[in-house]
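Student: predicted model and sequence follow; I will ask about them next.
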Amino acid sequence: MTLTCETRLPPARQNTQLRFAFYRDGRIVQDFSINDIYEVYNVQLEHSGKYSCEVETTDGRVRKRSAERLLQIEGAAIRPAVTFSPDYKKIFTAESITMTCDGGSTVGGGPIYIWYKDYSPVHNGKSYTIQRAGTSDSGSYRCQTSTGEISDPAGLDVSNGWVILQTPLYVYEGDDINITCHQHLIFPGGQTRFYKDNRVIRGWTDNAEYYIGRVDGTTAGTYRCQKEVDHDLLQYLHDDDEATVSVEELLTTPTITVTPQPVLQKDNMTLTCEKRLPPARQNTQLRFAFYREGWIVQNFSINDIYEVYNVQLEHSGKYSCEVETTDGRLRKRSGERLLQIKDRINNIGYTRQNVARLILFACVLITTGLLIF
């Protein structure tokens, strides 16, 4: 959160040196300094209150205080996401699975969760466990919080077959994933073979898991596994199952925003690197960097803003930002944004000219009126 103490000086005194202070509920939160902004990172509900600011000349001869402004911090309505444990979209009958509703609002004492299966309510609570699942438990599950936010659907498939290919519920770019060729526990299993898009990617081995590794766009496809399963009195037979793996975008391409608009010489300027994360990965840790004309001006850190105080004309240029996951596996860069710092004096001169024209026009009207009279 950024609070700005705005003031105006007459054209003849634009170079007057000023200092600013900020208050909440009458108590000082930022003492007098040349900084006309007050920033709060990771805002909490307790930051609510009546805010005001005070400005004074550096010699202390003149001081003025703003009116109070009530600022009410509200709990953000965060779209929830359904997660599974174990993290598989498909399970066998008689197995158990726990679904969790991650996210929600911070308003009041916390959200209330309602679970839906195929649009019908089935459970209340943050988690929903299905013990000894049956095929009737297959379906599309969503959770909704008391704020009205509802998750995307999460599909669960409960199988009574011999073999299932288990894949994670969500797969995002940069993930490390395994897929598992799983036989029903009441039958012993033998060797396993894996396919992708009908091509063998690993021949017969005793390992029922296939490690895909770091995910990118080429990971998406239809996977299939074959497995030897002992059907009681029968010899080993080859049963198979397939699953489609879709790769979702973890990070959107960031955009860079600038305040204030326009930026005038001697302003304090803030650039923000804006990005979006999917609901299921809202807690992904990110780092940000900023560039001007391709040269780095703020190295990677958890800070998604870049600030320049007392901006000068030479700060003009093409700005961009870059965001990466803290493990460095995924990195994306914004487009460049041309930022032209405007000369405050010229803007004032232009205003003076307008005022002079207005006065001259008024004089002409008065003179014309007198002549007519």
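Tutor: Here it is on my side, so go on. Numbers count the residues shown, from 1 in each chain.
Student: how much space between residue 202 and residue 41?
Tutor: Using CB to CB, to the nearest Å, one gets 48 Å for the distance from residue 202 to residue 41. The C-beta positions use only the backbone N, C-alpha and C, and glycine is treated the same way.
Student: repeat that for residue 185.
Tutor: On the measure of CB to CB, residue 185 and residue 41 end up 50 Å apart.
Student: where does pLDDT dip in the stretch 51-200 of the chain?
Tutor: Scanning the stretch 51-200 of the chain for pLDDT under 70 picks out the ranges 74-77, 104-111.
Student: wait, isn't residue 219 in contact with residue 212?
Tutor: Yes: look at residue 219 against residue 212 with CB atoms under 8 Å: they come within range, at 6.0 Å.
Student: show me the common contact partners of those two, please.
Tutor: Here residue 219 and residue 212 share the contacting residues 177, 245, scored by CB atoms under 8 Å, 6 or more residues apart in numbering.
Student: in three-state terms, label the spatially closest residue to residue 244 that is not a sequence neighbour for me.
Tutor: If the residues on either side of it in the chain are set aside, residue 244 comes closest to residue 222, at 5.2 Å by CB to CB, 6 or more residues apart in numbering. With DSSP: H, G, I helix; E, B strand; the rest coil as the basis, residue 222 sits in strand.
Student: for residue 222, give me its contacts.
Tutor: Residue 222 is in contact with 196-198, 242-245, counting by CB under 8 Å, 6+ apart.
Student: same thing with residue 268?
Tutor: Going by CB under 8 Å, 6+ apart, the list of residues near residue 268 reads 35-37, 307-311.
Student: can you turn the buried part of those into a ChimeraX selection?
Tutor: Only the buried entries of the contacts of residue 268 go into this ChimeraX selection, using 16 or more other CB atoms under 10 Å:
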select :35,36,37,307,308,311
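Student: the contacts of residue 268 in strands, which ones?
Tutor: 37, 307-308 (DSSP state E).
Student: in three-state terms, label the closest residue to residue 48 other than its chain neighbours for me.
Tutor: With sequence-adjacent residues excluded and distances taken as CB to CB, 6+ apart, residue 48 is closest to residue 73, at 4.6 Å. Put simply, residue 73 is coil when judged by three-state DSSP.
Student: thought residue 43 was touching residue 73, still the case?
Tutor: Yes: if you go by CB under 8 Å, residue 73 and residue 43 touch, sitting 5.8 Å apart.
Student: so where do the helices sit in the stretch 101-250 of the chain?
Tutor: Per DSSP state H, counting those that start in this stretch, the stretch 101-250 of the chain carries no helices over any range.
Student: neighbour count for residue 202 and residue 41, which is higher?
Tutor: Between residue 202 and residue 41, counted using other CB atoms under 10 Å, residue 202 has the larger neighbour count: 14 against 9.
Student: okay, and the beta partners of the residue lying closest to the more buried one once chain neighbours are set aside?
Tutor: Spatial nearest neighbour of residue 202, excluding adjacent residues (CB to CB, 6+ apart): residue 194 at 4.6 Å. Beta bridges link residue 194 to residue 202, residue 225 when assigned by DSSP bridges.
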